[in-house]
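A.B. asks: 3D, please:
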Amino acid sequence: MELQELKSIGLSNGEIKVYASILNIGVASLNQINEKTGLERRGIYDIINKLIDKGLVSYTLEKGKKRYRCAPPKHLREEILRKKAEIKSIETIMPKIEEMYKNVKPSIDVQVFRGKEGIKAVFEDMLNYKDVYFIGGRWYVVKEMPLFWASYNKRRIEVGVKWHNLVLHDSPSAPTKKLVSVKTLPQDFSGSPSLIWIYGNKIVNVLWGEDYFAFMIENKNIAENYKKYFNYLWKIAKS
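C.D. replies: Now for the predicted structure:
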């Protein structure tokens with residue numbers, strides 16, 4: 001029994017190993033715990049003292065030597081309840097933290113994302129918004145990240161995120177039609193695999209290819225202007 005779930009109440013890997021070994025043995029000597037865990041004796045001694053301080057382990061003296069045993073499980077339950085109370089107290093101050101974050105957040109926020117994982121992070125962020133607008137795409141995500149796309153598109157549909165795509169003239173057919181509207185840009189818009197994503201108050205300039213790079217600007221006024229640009233192009237694009 002590894003009891004890794006005890007990490008959630010703040011126990012370290014070493015504390016969990018020692019606690020589990022004592023629990024399995026019943027009443028354990030330092031030597032038995034050492035054999036069971038493979039940890040150094042000095043380390044075990046320090047860990048046991050921490051478990052004793054937390055009320056999870058106690059000891060008795062037999063012929064001048066300490067023998068250790070786990071405290072009744074009710075003490076573990078008490079520790080769980082204490083952690084729950086701590087979490088609840090943190091939840092009560094979250095509105096204040098969020099308000100402070102908003103107050104110090106710059107009016108124009110800029111972030112850079114690199115590599116495939118960075119691009120994926122932006123896609124994941126999109127799931128928090130009902131409408132996403134694309135300018136200059138060719139369904140690069142399907143080609144470059146096919147496994148991610150299969151899972152992602154399913155989740156996008158489940159949460160009801162609508163995509164509005166202005167694709168390049170040589171773009172392949174849309175790989176999905178659910179919650180997706182597509183129009184084709186004039187041939188003059190042909191170029192490198194770079195495009196613009198707009199959602200919420202965010203504008204993301206994306207470069208697909210070997211370097212996978214995304215540059216995000218978050219600002220309400222700038223985003224509104226980009227949406228006007230999108231709407232203009234949408235009117236002149238082919239269905």
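
A.B. asks: for this protein, what spans make up the strands?
C.D. replies: Secondary structure of the chain (DSSP state E): strands at 57-62, 65-70, 109-114, 131-137, 162-167, 180-184, 194-199, 202-207, 213-218.

A.B. asks: could I get the ones you listed as CSV with mean neighbour count?
C.D. replies: C-beta: built from backbone N, CA, C; applies to glycine. Output for the strands of the chain, formatted as CSV (neighbours: other C-beta atoms under 10 Å):
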stretch, mean neighbour count
strand 57-62, 14
strand 65-70, 17
strand 109-114, 13
strand 131-137, 21
strand 162-167, 21
strand 180-184, 16
strand 194-199, 20
strand 202-207, 20
strand 213-218, 17
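
A.B. asks: could you dump those strands into a markdown table and include mean pLDDT and distance to residue 82?
C.D. replies: A markdown table is the format used below for the strands of the chain (pLDDT from 0 to 100; distance: least, C-beta to C-beta, whole Å):
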| stretch | mean pLDDT | distance to residue 82 |
| --- | --- | --- |
| strand 57-62 | 88 | 17 |
| strand 65-70 | 90 | 18 |
| strand 109-114 | 92 | 37 |
| strand 131-137 | 95 | 43 |
| strand 162-167 | 96 | 45 |
| strand 180-184 | 96 | 49 |
| strand 194-199 | 93 | 41 |
| strand 202-207 | 95 | 40 |
| strand 213-218 | 94 | 39 |
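
A.B. asks: out of the ones you listed, nearest to residue 15?
C.D. replies: Of all the strands of the chain, strand 57-62 sits nearest to residue 15, with 9.4 Å by C-beta to C-beta.

A.B. asks: okay, buried residues for the longest helix seen in the chain please.
C.D. replies: Among the segments of the chain that qualify as a helix by DSSP state H, the longest is helix 73-104. Within helix 73-104, the residues that count as buried by 16 or more other C-beta atoms under 10 Å are 76, 79.

A.B. asks: could you give the angle of it to strand 57-62?
C.D. replies: With axes from the mean of the first three to the mean of the last three C-alpha atoms, to 10 degrees applied, the angle from helix 73-104 to strand 57-62 works out at 140 degrees.

A.B. asks: quick one: the helix or strand bottoming out on mean pLDDT in the chain to chain centroid distance?
C.D. replies: Ranked by mean pLDDT, DSSP states H and E, the weakest helix or strand in the chain is helix 73-104, scoring a mean of 82. Helix 73-104 sits 19 Å away from the centroid of its parent chain (C-alpha atoms, centre = their mean, to the nearest Å).

A.B. asks: can you list the domains in this protein?
C.D. replies: Here the domain parsing of the chain from automatic domain parsing is 1-105, 109-236.

A.B. asks: so how far is the shortest one off the chain centroid?
C.D. replies: How far domain 1-105 lies from its chain's middle: 26 Å, per C-alpha atoms, centre = their mean.

A.B. asks: sorry, back to before: turn the strands of the chain into TSV, columns for distance to residue 25.
C.D. replies: Formatted as TSV, the strands of the chain follow (distance: least, C-beta to C-beta, whole Å):
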stretch	distance to residue 25
strand 57-62	12
strand 65-70	9
strand 109-114	50
strand 131-137	57
strand 162-167	58
strand 180-184	60
strand 194-199	57
strand 202-207	56
strand 213-218	54
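
A.B. asks: if anything else comes up later, I'll come back, but that's it for now.
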